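Q: All I have is the shape, not the residue letters:
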């Protein structure tokens with residue numbers, strides 16, 4: 001119970017901070033959204049030209065640097081990598097595409113539920129289904145092979161990049177793109193958002209907060225530790241939304257959301273499935289990247305490129321609904337993930353070894 005108090009406290013702080021970030025400028029039900037924020041960063045760096053979603057979100061830099069500082073101070077910082085980098089990059093891009101079809105990562109899904117968005121409950125059902133499908137692959141021996149210890153400098157590169165991004169945000173040079181309208185133009189003050197990210201990064205690093213891990217552990221082991229944080233985010237964000245007057249229950253006219261149930265469901269099935277094969281949700285990937293895990297850095301890079309692909313090729317949904325291109329891409333991504341799951345299954349390896357032995 002003592003351990004649970006820590007992750008419940010973390011979930012509570014995340015929920016409260018998310019509502020406060022909305023009060024001070026972030027879009028409603030988007031106090032924290034890893035997919036949305038990485039998409040905005042992708043646009044700010046010029047990887048896509050969707051003018052309404054371009055901004056260097058300091059919450060992301062704060063998450064990475066908070067996790068780095070905590071890991072380093074506790075001598076937990078360890079540079080590791082080399083585990084199927086191209087597959088991780090591909091899965092990262094696919095997770096991002098699924099999230100942008102739904103319009104939010106698992107963390108935003110929870111915050112949307114806390115804001116009264118019933119579309120996000122359909123997304124949650126899809127998310128659980130996706131995790132269940134991923135568990136089927138895990139039970140067949142799916143793995144992305146071992147990682148290797150690397151020189152410490154390798155693990156320091158990503159935190160340093162995030163420090164540079166903070167510098168670019170403050171300096172605002174002409175070659176960085178900033179939205180003048182739309183969600184990208186809605187943001188809390190820089191140092192407030194950076195501080196919020198630092199706090200959440202520190203707490204998430206200590207408690208291993210992960211949306212995917214919570215449901216996975218509950219299904220596989222009946223372990224409620226991680227899911228306690230998941231539930232705490234909902235409860236405290238709900239309390240905050242009600243107190244601030246942001247709570248609005250229903251399917252229609254929800255902020256930065258659409259009401260197409262099928263594609264809300266399928267988008268989050270894809271996100272849940274891809275995330276469990278990666279070993280963690282987008283939030284967890286950022287925390288691991290801050291700890292020196294270059295496999296997670298590759299995954300985050302895949303997400304940033306996935307966001308660029310989603311907007312450059314009109315795959316991302318809008319409040320009007322999913323795009324035809326996004327629907328086709330979602331189906332294609334399911335096929336790709338199924339192939340990745342199959343060809344990285346130990347069951348397949350054993351079968352191939354058996355065939356060789358028989359010859």
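A: Cool, got the structure. All figures in this text were calculated on a predicted structure; none of them were measured in a lab.
Q: Can you show me the strands along the stretch 101-250 of the chain?
A: Taking DSSP state E, counting those that start in this stretch, the strands of the stretch 101-250 of the chain run over residues 148-149.
Q: which residue ranges form the helices in it?
A: Applying DSSP state H, counting those that start in this stretch to the stretch 101-250 of the chain gives helices spanning 106-114, 119-139, 152-171, 190-207, 211-221, 225-244.
Q: and these, which is most packed in?
A: helix 106-114 (a mean of 28; mean count of other C-beta atoms under 10 Å). Bear in mind the C-beta positions are built from the backbone N, C-alpha and C, glycine included.
Q: And that one, what does it pack against?
A: Judged by 3 or more C-beta pairs under 8 Å, 6 or more residues apart in numbering; DSSP states H and E, the packing partners of helix 106-114 are helix 2-23, helix 34-44, helix 119-139, helix 211-221, helix 225-244, helix 261-278, helix 282-290.
Q: contact partners of the longest one?
A: Applying C-beta atoms under 8 Å, 6 or more residues apart in numbering, the contact partners of helix 2-23 are 28-32, 59, 107, 111, 114, 188, 192-193, 196, 199-200, 203-204, 206-209, 224-226, 228-241, 244, 246.
Q: Give the rounded mean pLDDT of it.
A: For helix 2-23, mean pLDDT rounds to 94.
Q: try the second one
A: Per-residue pLDDT values across helix 34-44 average out to 98.
Q: chain center to it: distance?
A: 11 Å (C-alpha atoms, centre = their mean, to the nearest Å).
Q: do the fifth one as well
A: Put simply, helix 225-244 sits 18 Å off its chain's centre (C-alpha atoms, centre = their mean).
Q: how close does the residue nearest to residue 284 when sequence neighbours are not counted get to residue 262?
A: The shortest distance from residue 284 to any non-neighbouring residue, by C-beta to C-beta, 6 or more residues apart in numbering, is to residue 210 (4.0 Å). Distance, residue 210 to residue 262, using C-beta to C-beta, to the nearest Å: 27 Å.
Q: Looking at the two, which one has more neighbours?
A: The neighbour comparison of residue 210 against residue 262 (other C-beta atoms under 10 Å) goes to residue 210, with 28 against 11.
Q: And the more buried one, how far from residue 326?
A: 26 Å.
Q: Residue 317 too?
A: Where residue 326 is concerned, residue 317 sits at a distance of 6 Å (C-beta to C-beta).
Q: shared neighbours of those two, anything?
A: In contact with both residue 317 and residue 326: 100-101, 263, using C-beta under 8 Å, 6+ apart.
Q: Residue 288: which of these is nearest?
A: The closest of those to residue 288 turns out to be residue 100 (C-beta to C-beta; 21.9 Å).
Q: Look at the residue nearest to that closest one when sequence neighbours are not counted and give its secondary structure.
A: Closest residue to residue 100 apart from its sequence neighbours, by C-beta to C-beta, 6+ apart: residue 316 at 4.0 Å. Assigned with DSSP: H, G, I helix; E, B strand; the rest coil, residue 316 falls in the coil class.
Q: Mind pulling up the pLDDT for residue 316?
A: 98.
Q: How about residue 348?
A: The per-residue pLDDT of residue 348 was computed as 61.
Q: Now do the same contact list for the spatially most central residue of the chain.
A: The geometric centre of the chain, computed from its C-alpha atoms, lies nearest to residue 282 (C-alpha atoms, centre = their mean), at 2.3 Å. Residues near residue 282 by C-beta under 8 Å, 6+ apart: 34-35, 38, 95-96, 99, 105-107, 275, 300, 303.
Q: Now, of these, which are buried?
A: Among the contacts of residue 282, those buried by neighbour count (16 or more other C-beta atoms under 10 Å) are 34-35, 38, 95-96, 99, 105-107, 275, 300, 303.
Q: Residue 82: which of those is nearest?
A: residue 300 (16.2 Å).
Q: residues in contact with that closest one?
A: By C-beta under 8 Å, 6+ apart, the residues touching residue 300 are 38, 92, 158, 282, 285-286, 289.
Q: Now distance to residue 3 too, for those residues, in JSON lines please.
A: As requested, those are exported to JSON lines (distance: C-beta to C-beta, whole Å):
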{"residue": "38", "distance to residue 3": "30"}
{"residue": "92", "distance to residue 3": "30"}
{"residue": "158", "distance to residue 3": "28"}
{"residue": "282", "distance to residue 3": "24"}
{"residue": "285", "distance to residue 3": "23"}
{"residue": "286", "distance to residue 3": "22"}
{"residue": "289", "distance to residue 3": "24"}
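Q: now, the most widely separated pair of those residues?
A: Largest pairwise distance in the contacts of residue 300, by C-beta to C-beta, is 14.8 Å, between 158 and 282.
Q: hang on, residue 127 packs against residue 216?
A: No. Using C-beta atoms under 8 Å, residue 127 makes no contact with residue 216, being 11.0 Å away.
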